[in-house]
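>>> Sequence isn't available, so here's the structure alone:
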């Protein structure tokens, strides 16, 4: 009888423990179900809006490269800002992986489904992060449940507005949003001496390759983990150093090309005070205390829970390393988000700080805030339980618990309903876009296909910062729509995309010489709008008209004048006088000593020389810009430069009559080469960054070293960090 009773007791205890494990997970599950249901319109096959059109286009380019048997880690991406070597200057790992999957699975919807699933399942990453950082199931699950509620007025953090169709389309950051919580949790365990360094290094390297700001924050956060336990500073610093070195070496395939060609990456000046410099401590703290960082436009329930978590961690900080770590992460995120107005010269201590988009460090504030909210919510629940439920005796106690749950649900219900309404409004816009794509969009697609059939040349459908913003199919501006159709677009201004980005913004649509200079051959205009320069109608379809202007092809011959000096921060300012002069109309351009280089293309016209008409002619041209190849035959009557109307990049190579030469920079931002008189065959070919095989091997060896380090330590007769910590304090 006694044994039977003991067995029943053990079974009841086992069931109780299972419930204790499953109930917190149910909170996370509710958040995932909420996301899956309310985001269900996101994979609908419609044309993308805002930055999503760019990322979807890059995924398609990567997929095409994979299908043709190439490694898509680098190459010439032609369809934006006169082309760029974007894949090795950008956090392109998400595009490479998604494009590879799209090529293997033969689907063009991989981008949309990746966005949907990564956003919907993010509470899982939050839960895992909390657990890896040492917090209990309840704190981690409550943080996961609250994670979909984040809503700032900026809409660039860890929130729906940063990613969904009607938002900003910050898709690479979405990959970072998954990887940062895992990287922080695994790094914490490694610095503590309890984790697998190779796994932490791998996830951190993936974060670096997926989103540079995320990777940057992940590396800096390790410093927080070192400092939270001063008594163990030396050991923790040693583990952190090994981890960071291993992660950086593992990510060398992304970092080495980026650093090697950094001198040719543009620095944005327009709008710098917001994008690069951020907003300063005063404004950020005002947003924080008024709820605008976590509860933009609604009652600040999440802000209240973040404050509760802050108080709970402060009370625990003296004895709880987890609390100090979470407070440190939040402080680090805030300081970086304050930006240059607050930190000023201190930012120079950070590598490549002038290239950092400091306002994007809102992500650190949001992640730390969500975890703090989880801690705060559980702390409030425990205080309420102790103050109310535990003082009630008998059968009324379950009722009191149920009432507390109801009160908690009612507290966050307005935020849940606000988020659901936001997504429903987005779903309605997606449904309207689906109709617009099938009607008006079909007309635009037909005209773009018509232009492609006629031959090469860029398509202009209005400037992004001008009337082009109001020229739309459904809710998608035509400059976005052209990119979705893989047209060679012009006018979709991206200030830091390529060296030509800022120069492109100086385009004067009323100046016919600028169309030839920039290779703009087609105008796509609404029916009621006439072209600003002479043009002929190619075709009219629905509410849109395709026009053709006399712009030539991608190759041109120009006289060169004395060089001007420009750099990655002032190229547009230096080129403004040239673009406003009569030199483009006379077929002449200065050469460019870029970055102060003493070697530049020679001038074929000396100072004071007169012009004698065209220096020659382009006989034939064949452009395959998506493959990074343009071939042609030219005849020169006198020395002149053959110019490819594409952004300058040092990795272009120019073969003249079979002999390869390095490129020379010709104004305003093009790649070219001065040739001698006579007939020539020329080939412009973009050469991808070399020896990715070596860089990937270095990464693999770094991971292997991290994995083998504990074994090697034991063979040297010293316990590994994990064993040493386990035996500390043992008599």
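Nice, I can see it. The structure presented is a predicted model; accordingly, all values stated were derived computationally and were not measured. Numbering: from 1, shown residues only.
>>> would you list every one of the strands in the stretch 351-500 of the chain?
Taking DSSP state E, counting those that start in this stretch, the strands of the stretch 351-500 of the chain run over residues 458-460, 472-473, 476-477, 489-490.
>>> taking these together, which one is wrapped up most tightly?
strand 489-490 (a mean of 28; mean count of other Cβ atoms under 10 Å). In this view, the C-beta of every residue, glycine as well, is placed from N, C-alpha and C.
>>> Spatially, what comes nearest to residue 493 if we skip its sequence neighbours?
residue 464 (4.5 Å; Cβ to Cβ, 6 or more residues apart in numbering).
>>> and if you look at residue 480?
Once flanking residues are discounted, residue 480 sits nearest to residue 53: 4.4 Å by Cβ to Cβ, 6+ apart.
>>> I'd say that neighbour and residue 47 touch.
Yes: the criterion here is Cβ atoms under 8 Å, and residue 53 meets it with residue 47 at 7.2 Å.
>>> Now for the two: what residues contact both?
When contacts are counted by Cβ atoms under 8 Å, 6 or more residues apart in numbering, residue 53 and residue 47 are jointly contacted by 476, 480, 481, 484.
>>> which of the residues in the helix or strand in which residue 302 is found are buried?
Assigned by DSSP states H and E, residue 302 falls within helix 301-316. Neighbour-count burial for helix 301-316, counted by 16 or more other Cβ atoms under 10 Å, picks out 301-310, 312-313, 316.
>>> repeat for stretch 464-471
464, 468, 471.
>>> Could you do stretch 516-528 as well?
Those would be 516, 517, 518, 519, 520, 521, 522, 523, 524, 525, 526, for stretch 516-528 by 16+ other Cβ under 10 Å.
>>> Can I get those residues in a markdown table including secondary structure and distance to residue 263?
Formatted as a markdown table, the buried residues of stretch 516-528 follow (DSSP: H, G, I helix; E, B strand; the rest coil; distance: Cβ to Cβ, whole Å):
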| residue | secondary structure | distance to residue 263 |
| --- | --- | --- |
| 516 | helix | 30 |
| 517 | helix | 25 |
| 518 | helix | 24 |
| 519 | coil | 26 |
| 520 | strand | 29 |
| 521 | strand | 32 |
| 522 | strand | 34 |
| 523 | strand | 35 |
| 524 | strand | 36 |
| 525 | strand | 39 |
| 526 | strand | 42 |
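>>> picking that back up, which element follows the helix holding residue 302 toward the C-terminus?
Counting by DSSP H and E, the next helix or strand C-terminal to helix 301-316 is helix 321-338.
>>> packing partners for that next one?
helix 212-227, helix 281-289, helix 301-316, helix 362-387 (3 or more Cβ pairs under 8 Å, 6 or more residues apart in numbering; DSSP states H and E).
>>> so that helix versus helix 281-289, what angle?
130 degrees (axes from the mean of the first three to the mean of the last three Cα atoms, to 10 degrees).
>>> Go ahead and measure how far helix 321-338 is from the middle of the chain.
Relative to its chain's centre, helix 321-338 lies at 23 Å (Cα atoms, centre = their mean, to the nearest Å).
>>> Please apply the same query to stretch 632-650.
Worked out by Cα atoms, centre = their mean, stretch 632-650 lies 34 Å from the chain centre.
>>> and residue 249, that's in a strand?
No: assignment of residue 249 by DSSP: H, G, I helix; E, B strand; the rest coil gives helix, placing it outside any strand.
>>> Tell me the confidence at it?
Predicted confidence (pLDDT) at residue 249: the value is 97.
>>> next one: the one 3 residues further on
According to the per-residue confidence, residue 252 scores 96 in pLDDT.
>>> I'd like the distance from it to residue 209, if you could.
Separation of residue 252 from residue 209 (Cβ to Cβ, to the nearest Å): 10 Å.
>>> Show residues contacting stretch 455-466.
For stretch 455-466, contacts defined as Cβ under 8 Å, 6+ apart pick out 82, 448, 451, 468-469, 471, 477-479, 481-482, 487-493, 505, 507, 509, 518-525, 551, 553-554, 621, 623.
>>> can we see that at 6 Å?
Outside stretch 455-466, the residues that touch it by Cβ atoms under 6 Å, 6 or more residues apart in numbering are 451, 468, 471, 478-479, 482, 487-488, 490-493, 519-524, 553-554, 623.
>>> averaged over its residues, what pLDDT does it have?
On average, the pLDDT along stretch 455-466 is 92.
>>> For it, measure first residue to last.
28 Å (Cα to Cα, to the nearest Å).
>>> again, but for stretch 73-91
End residues of stretch 73-91 are separated by 10 Å (Cα to Cα).
>>> now it: mean pLDDT?
The model assigns stretch 73-91 a mean pLDDT of 94.
>>> Now that stretch: buried residues?
Result for stretch 73-91 [16+ other Cβ under 10 Å]: buried residues 73-91.
>>> Where strands are concerned, which of the residues you listed count?
Taking DSSP state E, every one of the buried residues of stretch 73-91 sits outside strands.
>>> sorry, back to before: which member of the shared contacts of residue 53 and residue 47 is positioned nearest residue 574?
Distance to residue 574, by Cβ to Cβ, is smallest for residue 480 among these, at 30.0 Å.
>>> if I look at the closest one, how far off is residue 378?
With distances taken as Cβ to Cβ, residue 480 is found 44 Å from residue 378.
>>> Give me the more crowded residue out of those two.
Neighbour count, other Cβ atoms under 10 Å: between residue 480 and residue 378, residue 480 has more, with 27 against 24.
>>> Any figure for the gap between that one and residue 50?
Plainly put, residue 480 is 7 Å away from residue 50 if you go by Cβ to Cβ.
>>> quick one, strands of the stretch 551-700 of the chain?
Going by DSSP E, counting those that start in this stretch, the stretch 551-700 of the chain shows strands at 555-566, 588-594, 616-624, 629-636, 640-647, 652-656, 659-661, 664-666, 670-675, 678-686.
>>> Parallel or antiparallel, which strands does the last one pair with?
In this case it means strand 678-686. strand 629-636 (antiparallel), strand 652-656 (antiparallel) (DSSP bridges).
>>> And the ones you listed: which comes nearest residue 344?
Set against residue 344 and scored by Cβ to Cβ, the strands paired with strand 678-686 come closest in strand 652-656, at 38.6 Å.
>>> what's the model's confidence in that closest one, averaged?
Rounded mean pLDDT across strand 652-656 is 97.
>>> Between strand 670-675 and it, find me the angle.
Going by the same axes, to 10 degrees, strand 652-656 makes 30 degrees with strand 670-675.
>>> re earlier: tabulate the helices and strands packed on helix 321-338 in TSV, adding columns for mean pLDDT and distance to residue 112.
Below are these laid out as TSV (pLDDT from 0 to 100; distance: least, Cβ to Cβ, whole Å):
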stretch	mean pLDDT	distance to residue 112
helix 212-227	97	22
helix 281-289	97	32
helix 301-316	97	28
helix 362-387	94	23
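>>> Identify the residues contacting residue 528.
Per Cβ under 6 Å, 6+ apart, neighbours of residue 528: none.
>>> For it, give its distance to residue 464.
In terms of Cβ to Cβ, residue 528 sits 21 Å off from residue 464.
>>> again with residue 684
According to Cβ to Cβ, residue 684 stands 27 Å off from residue 464.
>>> likewise residue 321?
Distance from residue 321 to residue 464, by Cβ to Cβ: 49 Å.
>>> the inter-axis angle of the helix ranked longest in the chain versus helix 301-316?
For the chain, the helix with the greatest residue count under DSSP state H is helix 396-438. With the same axes, to 10 degrees applied, the angle from helix 396-438 to helix 301-316 works out at 130 degrees.
>>> Give me the angle between helix 396-438 and helix 362-387.
150 degrees.
>>> Report all helices and strands that helix 396-438 contacts.
helix 301-316 (3 or more Cβ pairs under 6 Å, 6 or more residues apart in numbering; DSSP states H and E).
>>> list the helices and strands the helix it packs on packs on?
Partner elements for helix 301-316 (3+ Cβ pairs under 6 Å, 6+ apart): helix 321-338, helix 362-387, helix 396-438.
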